[in-house]
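Peer 1: let me see the structure of the following:
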Amino acid sequence: MRSSRLVALLLELGRAPVATASQLAAHHGVSVRTIERDIAALQSMGVPLWTRPGPGGGVGLVKGWRSPLTGLTVPELQALIIGEAGSRGLGLEAEFQMARLKMLAATATTGQSAAVKPVQERFLLDHEAWFTEPEHPGALPTVAQAVWSGHRLRISYQRGAGGAVNRKVDPLGLVLKGEHWYLVAAHRRSARTYRVSRIRRAEELPEAAWRPEGFFLAQHWRDSRAEFEASLRTVPVQVTVPITAVELLRAATPGAAMRRLGASSCATAQAVSSAGAISAGSISGGTTAAEGGLVNPERAGFELRLESLEVAASQLISVPGVEVLSPDALRHMVLVRAEELVARHRRAAGARRRPG
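Peer 2: Have a look, this model is predicted:
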């Protein structure tokens, strides 16, 4: 989270007399441009940072300035860096609230409290998704303690539908993604990701954990997340939808990049599919993209990658007016499911109309 990184930057600049943007970027696993934006954000908050370009330059704090963070205890600093949602899950909510109170008290002495108060009153960050309960994994306290202390862990991990496996791992970090906690740990010197709610038992071991040199949790998480998402979405799909249903298509396929198809791409796909013209619209007697001609200003074509044919069919059939252009197997699967829905609802409607 950016707020956590700003706190970490402020602490780091308080310890080092000068640092370069590239050094800070490498340490926090972000781009130099991101660090430059963070520095500008700190300056806008009233932090007296100087910047100097060229050889021997960098960024640093003006001598004599005392950060409000210097009055915080170690657990309070940890809670502030983790953020409110993470602190709540790790049992550090009281420390987070105390750290916030201390920082607000410090703003009163600098004359900045008038600027801070409206933010408290008018902005709220709610990290929890609708209609869900946050996870409270039983193994989280033990796992977190091992992460804090840098000790190895012995875990019993439930593998999806398979059985549990017992492993010794080297904890590298904890990640709170939405409401779910993940442990990033090395097994046989290879970094892997474990969902904490699937850890049935966890035991902190006395030996020190191994940590790869130059490992940055934020960068590793970004890379592994991108790799994981790419490995899942292996089925290229082309569809057209009514202009009014574009956002519904986006909502039905969360995380999938939607590339807009040009008229020529749509025409090629439509020419291939025109013999079958399979779509939910064709079942109900509507006009398909193939039947409607080369360009239909009321429809838009997209190419996207989805997980599998089964998942794609389940996602796309919920989008009003969708037509699958390719692949053919997915077109057929959508057709079969749509026909089953139509037949079932017709039977039910007929049964209701039939006199008793």
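Peer 1: buried residues in the longest helix along the chain?
Peer 2: Using DSSP state H, we find that the single longest helix of the chain is helix 328-353. By 16 or more other C-beta atoms under 10 Å, the buried positions in helix 328-353 come out as 330, 331, 333, 334, 335, 338. For every residue, glycine as well, the C-beta is placed using N, CA and C.
Peer 1: okay, those residues in TSV with pLDDT next?
Peer 2: Below are those laid out as TSV (pLDDT from 0 to 100):
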residue	pLDDT
330	94
331	94
333	94
334	94
335	94
338	92
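Peer 1: count of residues packed around the closest residue in space to residue 318 that isn't next to it in sequence?
Peer 2: Nearest residue to residue 318, sequence neighbours excluded (C-beta to C-beta, 6 or more residues apart in numbering): residue 252, at 5.2 Å. Number of residues near residue 252 (other C-beta atoms under 10 Å) recorded here: 18.
Peer 1: what sits against residue 252?
Peer 2: Residue 252 sits next to 315, 316, 318, 319 when contact means C-beta atoms under 8 Å, 6 or more residues apart in numbering.
Peer 1: residue ranges with poor pLDDT in the chain?
Peer 2: Across the chain, the ranges flagged by pLDDT under 70 are 1-4, 45, 66-71, 103-117, 119-120, 125, 263-295, 351, 353-356.
Peer 1: for the longest strand seen in it, list every residue counted as buried.
Peer 2: Across the chain, the longest stretch assigned as strand under DSSP state E is strand 164-177. Across strand 164-177, burial judged by 16+ other C-beta under 10 Å covers 169, 170, 171, 172, 173, 174, 175, 176.
Peer 1: so residue 33 versus residue 19, what's the distance?
Peer 2: Applying C-beta to C-beta, to the nearest Å, the value for residue 33 to residue 19 is 16 Å.
Peer 1: can you show me the helices along the chain?
Peer 2: Secondary structure of the chain, counting by DSSP H: helices at 2-15, 21-28, 32-44, 74-82, 84-89, 93-110, 113-122, 140-149, 217-232, 246-252, 263-273, 280-283, 309-316, 328-353.
Peer 1: residue 303 is nearest to which of the ones you listed?
Peer 2: Among the helices of the chain, helix 263-273 comes nearest to residue 303, with 7.5 Å by C-beta to C-beta.
Peer 1: what pairs with the residue nearest to the spatial centre of the chain across the strands?
Peer 2: Central residue of the chain (C-alpha atoms, centre = their mean): residue 177, 6.0 Å from the mean position. Counting by DSSP bridges, residue 177 forms beta bridges with residue 180.
Peer 1: over to residue 50?
Peer 2: Counting by DSSP bridges, the residues bridging with residue 50 are residue 60.
Peer 1: relative to residue 43, how far out is it?
Peer 2: Residue 50 sits 9 Å away from residue 43, going by C-beta to C-beta.
Peer 1: ok, now residue 250?
Peer 2: According to C-beta to C-beta, residue 250 stands 37 Å off from residue 43.
Peer 1: wait, residue 14 sits on residue 62?
Peer 2: No: using C-beta atoms under 8 Å, residue 14 is not in contact with residue 62, being 11.3 Å away.
Peer 1: more neighbours: those two, which one.
Peer 2: Taking neighbours as other C-beta under 10 Å, residue 14 and residue 62 compare with residue 14 leading, 15 against 9.
Peer 1: care to break the chain down by domain?
Peer 2: Structural domains annotated on the chain: 2-122, 140-216, 233-345, as defined by automatic domain parsing.
Peer 1: give me the distance from the shortest one to the chain's centre.
Peer 2: To tie it back to what came earlier, the one meant is domain 140-216. How far domain 140-216 lies from its chain's middle: 20 Å, per C-alpha atoms, centre = their mean, to the nearest Å.
Peer 1: start at 7, not 1
Peer 2: Noted, 7 is the first residue going forward, which turns the last one into domain 146-222.
Peer 1: so what's the residue count around residue 330?
Peer 2: Residues lying near residue 330 (other C-beta under 10 Å) number 27.
Peer 1: oh, I was asking about residue 82
Peer 2: Per other C-beta under 10 Å, the neighbour tally for residue 82 reads 23.
Peer 1: how close does residue 214 sit to residue 158?
Peer 2: Counting by C-beta to C-beta, the gap from residue 214 to residue 158 is 7 Å.
Peer 1: the more surrounded of these two?
Peer 2: Taking neighbours as other C-beta under 10 Å, residue 214 and residue 158 compare with residue 158 leading, 20 against 11.
Peer 1: how far away is that one from residue 173?
Peer 2: Counting by C-beta to C-beta, the separation of residue 158 from residue 173 is 10 Å.
Peer 1: show me what contacts residue 157?
Peer 2: 177, 210, 211, 212, 213, 214, 215.
Peer 1: returning to that earlier point: output the longest strand of the chain as PDB, restricted to C-alpha atoms.
Peer 2: The C-alpha trace of strand 170-183 is given here as PDB (Å, rounded to 0.1, in the frame of the first residue of the first chain):
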ATOM      1  CA  ALA A 170      -2.300 -32.300   3.200                       C
ATOM      2  CA  VAL A 171       1.500 -32.100   2.900                       C
ATOM      3  CA  ASN A 172       4.000 -31.400   5.700                       C
ATOM      4  CA  ARG A 173       6.800 -29.000   4.900                       C
ATOM      5  CA  LYS A 174       9.500 -27.000   6.500                       C
ATOM      6  CA  VAL A 175       9.600 -23.600   4.900                       C
ATOM      7  CA  ASP A 176      11.500 -20.300   5.200                       C
ATOM      8  CA  PRO A 177       9.000 -17.400   5.600                       C
ATOM      9  CA  LEU A 178       9.700 -14.500   3.400                       C
ATOM     10  CA  GLY A 179       6.600 -12.300   4.000                       C
ATOM     11  CA  LEU A 180       2.800 -12.100   4.500                       C
ATOM     12  CA  VAL A 181       0.500 -10.600   1.900                       C
ATOM     13  CA  LEU A 182      -3.100  -9.400   2.600                       C
ATOM     14  CA  LYS A 183      -4.900  -9.600  -0.800                       C
END
